[in-house]
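okay, sequence plus prediction incoming.
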Amino acid sequence: ISNKINQVTMNKSAVHLNFQNVIANGEAMKSDTTKLNILRSTSCQVSYFPNTRSARCRSFYAQTKSKRKASSKSRKISKVLCFSFNVRNTVKQEAWDRIQLLEREMILAVKEEKYDEAARLRDERQTEMASWSDDSQELLKVVKELRIGNRDSRAGALEELESYRDHRSIPAILEVLRDPDPKLSAQAEKVLWNIFCHSGDNKVDKMLQEGMMAMQMVSNLENAENIFSKVIENAPDFGEAFNKRATVRYLRKDFEGAVEDCIAALSLQPDHFGALSGQGLCHLAMNQPEEALSCLRRAVFVNPRLDQIRAYVADLDQVVEEKRRRTEDLDQKDSL
């Protein structure tokens, strides 16, 4: 494909289409004018990298901390500010996702020899990349290397992504969990947990670590739950705080509360295989096999490395099937 593309000349634009220009640096995004303007008018140039995001979060929470404690009215104000903060992050995530989609479309166009379309996508990428920070562009390059590089370069990309701890790289790392190389998939799982546990705010991350230390002892579970509740209060968009509190509530046999926290964690990070597993185990403890099976199946789909969860799925399959058959038998008897 590379040789063929390098020999192609676009008839309409008379632009030589080079393979590396088509699939390398696939850092662009599809967006309508409205969303692009929103990005540029808010925080498009602010990266998700630890130092920048930490300063951003510290500034945000410093401005709203006193208001949250003052009165119910001020707490409502802080929630509005927090919502606005989350909206900006959500728009940025959507933009990132569109870039990944555009990258895949470019590769597909090349494979199908639709060179005019590939050139159009390339030009669109170059135009949109002008509004992206250097950090974001570099992160996209690392993600691309993770997807199309050889074994060693992909392992190196995982190391870089672990140091970045940028949540936008999670979908690409999740793909590596299915890699046939067990060392590479194990490395990907480790990197994911490090990213999950990173909020972007050093103070919040420190509180999370304190809670994780406290939950190691049964006698400290109540204290651990209180710590995680404070983390959630300070960082309501931090999914891992909900997941950790769900774990503590599960250990304290507060299964309904744990399920609520798992649902909250999954609303923030839909592919959090830890929260999926935890919710499934809670349903299992509450004698809800169908709900448990649904959650655990999804957990194994996201992370095939969950061998113990896979064993639970196999057992639950039999339980649910037997329950279904008994129900059908009873319905038949009633009809007679």
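The structure has been received and is ready for your questions.

hey, let's count contacts and neighbours off CA atoms from now on
Fine.

now do the phi/psi pair for Gly278.
Per-residue torsions, Gly278: phi -60, psi -40 (degrees, to the nearest 10).

can we start the residue count at 7 from this point?
Sounds good: first residue 7 from here, last item Gly284.

contacts only, for it.
Ala252, Thr253, Val265, Cys268 (CA atoms under 8 Å, 6 or more residues apart in numbering).

state the pLDDT value of the last one.
Spelled out, it's Cys268. Cys268 carries a pLDDT value of 97.

who touches it in this structure?
Cys268 is in contact with Phe248, Asn249, Ala252, Ala281, Leu282, Gly284, Gln285, counting by CA under 8 Å, 6+ apart.

sort out for me which of the contacts of Gly284 are in helices.
Using DSSP state H, Ala252, Thr253, Val265, Cys268 are the members of those that sit in helices.

make JSON lines out of those residues and add distance to Ala220.
Below are the ones in helices among the contacts of Gly284 laid out as JSON lines (distance: CA to CA, whole Å):
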{"residue": "Ala252", "distance to Ala220": "14"}
{"residue": "Thr253", "distance to Ala220": "12"}
{"residue": "Val265", "distance to Ala220": "21"}
{"residue": "Cys268", "distance to Ala220": "20"}
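
quick one, phi psi at Lys259?
According to degrees, to the nearest 10, Lys259 has phi 70, psi 20.

how many other residues sit next to it?
14 (other CA atoms under 10 Å).

kindly report the same for the one 3 residues further on.
By the criterion of other CA under 10 Å, Glu262 has 16 neighbours.

for Ala136, same thing?
Per other CA under 10 Å, the neighbour tally for Ala136 reads 11.

and it, how far from Gln143?
Separation of Ala136 from Gln143 (CA to CA, to the nearest Å): 10 Å.

for Ile83, give me the pLDDT.
The model reports Ile83 with a pLDDT of 34.

among the contacts of Cys268, which ones are in strands?
Counting by DSSP state E, no part of the contacts of Cys268 is found in strands.

of these, closest to Arg316?
Closest approach between those and Arg316, by CA to CA: Leu282, at 12.6 Å.

residue contacts, that closest one?
Leu282 makes contacts with Cys268, Leu272, Cys301, Leu302, Arg304, Ala305, as judged by CA under 8 Å, 6+ apart.

can you redo these as JSON lines with distance to Pro188?
Compiled in JSON lines, the contacts of Leu282 are given as follows (distance: CA to CA, whole Å):
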{"residue": "Cys268", "distance to Pro188": "28"}
{"residue": "Leu272", "distance to Pro188": "26"}
{"residue": "Cys301", "distance to Pro188": "24"}
{"residue": "Leu302", "distance to Pro188": "21"}
{"residue": "Arg304", "distance to Pro188": "21"}
{"residue": "Ala305", "distance to Pro188": "18"}
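
narrow the residues you listed to those that are buried.
Neighbour counting by 16 or more other CA atoms under 10 Å classes Cys268, Leu272, Cys301, Leu302, Arg304, Ala305 among the contacts of Leu282 as buried.

residues in contact with the fourth one?
The one in question is Leu302. Residues counted as contacts of Leu302 (CA under 8 Å, 6+ apart) are Leu282, Ser283, Gly286, Leu287, Ile315, Arg316, Tyr318, Val319.

quick one: it from Ala101, how far?
30 Å.

would you mind listing where the stretch 207-342 of the chain has pLDDT under the threshold?
The model of the stretch 207-342 of the chain has pLDDT under 70 over residues 342.

apply 90 and report the result again.
The stretch 207-342 of the chain contains residues with pLDDT under 90 at 329-342.

hey, where'd the strands end up in it?
All residues of the stretch 207-342 of the chain lie outside strands when identified by DSSP state E, counting those that start in this stretch.

now do the helices in it.
All helices of the stretch 207-342 of the chain, identified by DSSP state H, counting those that start in this stretch, fall at 208-220, 227-240, 245-257, 261-274, 279-291, 295-308, 313-341.

now those as TSV including distance to Lys117?
Formatted as TSV, the helices of the stretch 207-342 of the chain follow (distance: least, CA to CA, whole Å):
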stretch	distance to Lys117
helix 208-220	44
helix 227-240	46
helix 245-257	38
helix 261-274	35
helix 279-291	33
helix 295-308	28
helix 313-341	36
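
identify whichever of these lies nearest to Ile113.
Comparison of these against Ile113 by CA to CA identifies helix 295-308 as nearest, at 24.4 Å.

give the contact list for the nearest residue to Asp323 once chain neighbours are set aside.
Leaving aside its chain neighbours, Asp323 sits nearest to Leu299 (7.2 Å; criterion: CA to CA, 6 or more residues apart in numbering). Leu299 makes contact with Gly286, Val319, Leu322, Asp323 under the criterion CA under 8 Å, 6+ apart.

any idea how far Asn200 is from Leu282?
Leu282 is 17 Å from Asn200, where distance means CA to CA.

kindly report the same for Arg171.
From Arg171 across to Asn200, the span is 7 Å (CA to CA).

which of the two has more residues huddled nearby?
Regarding Arg171 and Asn200, a neighbour count based on other CA under 10 Å identifies Arg171 as having more, with 24 against 13.
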